[in-house]
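Colleague: sequence-free structure coming up:
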């Protein structure tokens with residue numbers, strides 16, 4: 001019998017079942033009056049309990065027991081890796097097989113959620129298919145595992161592992177959800193992987209939600225791709241989605257750092273139109289951007305707009321605005337804003353002072369530093385004073401640093417060791433050794449004990465200026481009052497006495513060094529050899545060279561270069577060449593200074609052919625000729641053998657002579 005006008009409905013049943021069950025009777029009447037009835041029975045009920053929407057309810061006792069088995073065994077044995085053959089999984093297998101119903105993927109997901117060990121969670125995920133032949137991971141278990149791995153940075157080869165699990169998911173024809181994609185986007189950090197995540201959306205026939213867009217935008221920002229992030233933002237706007245203030249500020253900050261001013265202003269204006277009110281961080285980002293591109297007036301207008309909206313600038317906001325004004329060389333406005341900062345009880349930090357100090361120095365207005373100090377006197381402690389002293393010293397303004405240091409000295413009972421060291425270094429660099437020694441003698445008045453670094457700083461300055469009497473007196477004071485000299489002290493003294501031609505004094509210090517708790521090093525020998533050689537005692541210099549070798553010291557390039565120069569200056573060319581060959585044989589490679597010394601020696605003695613061969617060796621070694629090399633070559637070509645030489649100070653020994661400058 002034919003059934004007329006009956007709609008045909010195909011129902012595909014998955015895991016979901018309706019809570020209400022219906023029994024239906026379908027009746028049809030033919031044109032002849034005969035009727036046909038068919039009864040539709042409900043689908044067989046699920047063996048698992050379900051909620052009101054038809055979802056299976058996970059069995060809590062199964063989840064708790066399985067989790068307890070895994071965690072207890074894991075905590076007792078502390079395995080580095082877990083596998084299905086290990087004890088926890090044998091016990092778990094026995095327990096699960098004792099159940100009347102097999103473990104469901106939903107329950108497996110809950111167990112994964114309860115395991116706080118990523119390696120254990122991964123092992124359990126691998127173990128699940130062995131529970132029963134019908135078990136198959138679904139989107140929920142895959143998503144749960146991705147979430148666990150995304151929060152476990154200590155897992156080795158994490159990115160490779162996630163890609164491998166994604167491949168397994170694909171082979172099993174398991175479709176993820178938009179939550180799966182969101183987690184993967186948050187996990188990956190490069191464009192290639194993010195493109196993979198976007199392709200999954202189409203492959204799994206999903207739709208991006210506002211959170212997906214936000215995750216994608218932030219992922220591009222993490223990978224420093226502000227162009228793609230801005231593209232995602234435009235797509236969000238087109239679809240009517242908005243960001244929260246945190247995401248807006250992230251996007252603005254990235255665009256501002258890349259100096260994409262037009263795009264940044266577009267986002268900034270969108271924030272206002274989309275009822276996402278900019279906060280103090282938003283304004284700070286915009287102010288910093290304008291300051292960096294030299295638009296101090298625009299930055300100031302934004303700062304005033306921020307104040308008009310009732311925001312109270314924090315330290316970062318004030319520093320950013322002051323920095324923008326300083327870049328625009330607006331000294332008066334910078335100091336005025338600094339005063340407002342202090343007036344509003346916002347404590348300046350070192351960065352604040354450094355910005356103001358730099359602009360004052362650049363504009364030749366360091367005299368106004370007293371005004372800055374006076375404005376912030378309630379915040380001026382010894383740490384700030386110490387910082388300013390160090391900063392002024394590094395900028396080369398020794399007088400201003402000294403004046404500020406004296407202010408600190410007068411207003412604070414306790415001194416600052418770093419500030420004292422900086423002040424000593426600044427005075428010594430400026431050649432003010434009298435003031436440096438005076439400071440060194442008074443430091444103890446502020447509760448600071450002098451150390452070897454302080455003494456060595458002053459010794460070095462005295463040595464460079466050849467102030468030998470002061471050097472003697474200060475060294476005796478050091479030995480009497482402390483601290484004890486160290487190896488650097490002795491090396492500075494040997495070099496200093498040698499520079500002044502006091503050979504006997506240098507030898508005496510060297511002998512004192514050998515009898516002290518310190519032991520001579522290669523620098524000590526280099527300094528002594530240099531001293532002896534410079535003052536004409538080549539035999540003694542060569543004896544000290546042999547002595548250092550006997551004591552186990554390996555001569556370095558400075559040692560050889562010093563001796564080669566000494567022999568070369570006394571026309572003992574053969575000895576200089578022999579030392580050069582010995583240097584090569586010992587595996588000590590000459591530098592450009594060594595080559596220049598020997599080239600000069602050969603050129604002055606008229607051995608031009610050997611000088612040309614030496615220059616070829618220099619090139620073979622891959623060294624780059626400098627101005628001294630080319631000057632010697634010019635003399636070789638011109639045949640000029642001038643005897644005039646200029647001396648260059650060595651950073652190591654203090655006075656090693658170079659042939660030319």
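Modeller: On my side now, so go ahead. Treat the numbers as computed from the prediction; the structure is a model and nothing was measured. Numbering: from 1, shown residues only.

Colleague: use CA for all of it now, contacts and neighbours both
Modeller: Noted.

Colleague: Residue 501 in helix, strand or coil?
Modeller: Following DSSP: H, G, I helix; E, B strand; the rest coil, the label given to residue 501 is coil.

Colleague: make that residue 449, sorry
Modeller: Secondary structure, three-state DSSP: residue 449 is coil.

Colleague: Which residue, other than its chain neighbours, is closest to it?
Modeller: Spatial nearest neighbour of residue 449, excluding adjacent residues (CA to CA, 6 or more residues apart in numbering): residue 443 at 7.0 Å.

Colleague: list the contacts for that neighbour?
Modeller: Neighbour list for residue 443: 415, 420, 449-450 [criterion: CA atoms under 8 Å, 6 or more residues apart in numbering].

Colleague: looking at this, it is in a strand?
Modeller: No: counting by three-state DSSP, residue 443 is not found in a strand; it is helix.

Colleague: a markdown table for the contacts of residue 443, including distance to residue 299, pLDDT and neighbour count?
Modeller: Output for the contacts of residue 443, formatted as a markdown table (distance: CA to CA, whole Å; pLDDT from 0 to 100; neighbours: other CA atoms under 10 Å):
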| residue | distance to residue 299 | pLDDT | neighbour count |
| --- | --- | --- | --- |
| 415 | 40 | 78 | 21 |
| 420 | 39 | 86 | 23 |
| 449 | 48 | 91 | 14 |
| 450 | 48 | 92 | 20 |
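
Colleague: Give me the contact list for stretch 325-341.
Modeller: Stretch 325-341 is contacted from outside by 291-292, 294-296, 318, 322, 347-348, 355-356, 359-360, 363, 372, 375-376, using CA under 8 Å, 6+ apart.

Colleague: Buried among the residues you listed? Make that a ChimeraX selection.
Modeller: Buried residues among the contacts of stretch 325-341 (16 or more other CA atoms under 10 Å), as a ChimeraX selection:
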select :291,292,294,295,296,318,322,347,348,355,356,359,360,372,375,376
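
Colleague: Show me the contacts of stretch 325-341 that map onto helices.
Modeller: Counted as lying in helices by DSSP state H, out of the contacts of stretch 325-341, are 291-292, 296, 318, 322, 355-356, 359-360, 372, 375.

Colleague: one step back: now do the residue nearest to residue 449 against residue 488, distance only.
Modeller: For residue 443, the distance to residue 488 (CA to CA, to the nearest Å) stands at 21 Å.

Colleague: List the buried residues of the helix or strand encompassing residue 581.
Modeller: Assigned by DSSP states H and E, residue 581 belongs to helix 573-585. Neighbour-count burial for helix 573-585 flags 573, 576-577, 579-580, 583 (criterion: 16+ other CA under 10 Å).

Colleague: got any ranges where the stretch 51-200 of the chain has weak pLDDT?
Modeller: Within the stretch 51-200 of the chain, the stretches with pLDDT under 70 are 51-56, 75-87.

Colleague: ok, 50 please
Modeller: Counting by pLDDT under 50, the ranges of the stretch 51-200 of the chain that qualify are 79-85.

Colleague: Show me where it has its helices.
Modeller: When assigned using DSSP state H, counting those that start in this stretch, the helices of the stretch 51-200 of the chain occupy the ranges 60-77, 87-97, 105-114, 118-127, 139-150, 158-171, 178-187, 191-203.

Colleague: And the ones you listed: which comes nearest residue 474?
Modeller: Proximity to residue 474 (CA to CA) singles out helix 158-171 among the helices of the stretch 51-200 of the chain, at 62.4 Å.

Colleague: The closest one to helix 191-203, inter-axis angle?
Modeller: Angular relation of helix 158-171 and helix 191-203 on a 0 to 180 degree scale: 20 degrees, by axes from the mean of the first three to the mean of the last three CA atoms, to 10 degrees.

Colleague: Tell me the helices and strands packed up against helix 158-171.
Modeller: In terms of contacts (3 or more CA pairs under 8 Å, 6 or more residues apart in numbering; DSSP states H and E), helix 158-171 is packed against helix 139-150.

Colleague: So what touches the helix holding residue 581?
Modeller: In this structure, residues lying in contact with helix 573-585 by CA under 8 Å, 6+ apart are 560, 563-565, 567-568, 589-590, 598, 601-602, 605.

Colleague: if you average pLDDT over stretch 465-483, what comes out?
Modeller: Stretch 465-483 shows a mean pLDDT of 92.

Colleague: ok, now stretch 634-647?
Modeller: Regarding stretch 634-647, the rounded mean pLDDT is 62.

Colleague: and if you look at stretch 207-225?
Modeller: The average pLDDT within stretch 207-225 is 92.

Colleague: Under the pLDDT cut-off, which ranges of the stretch 501-650 of the chain? List them.
Modeller: The model of the stretch 501-650 of the chain has pLDDT under 50 over residues 642-650.

Colleague: How many residues are close by residue 68?
Modeller: 17 (other CA atoms under 10 Å).

Colleague: Over to residue 563?
Modeller: Other residues lying near residue 563 total 26 when counted by other CA under 10 Å.
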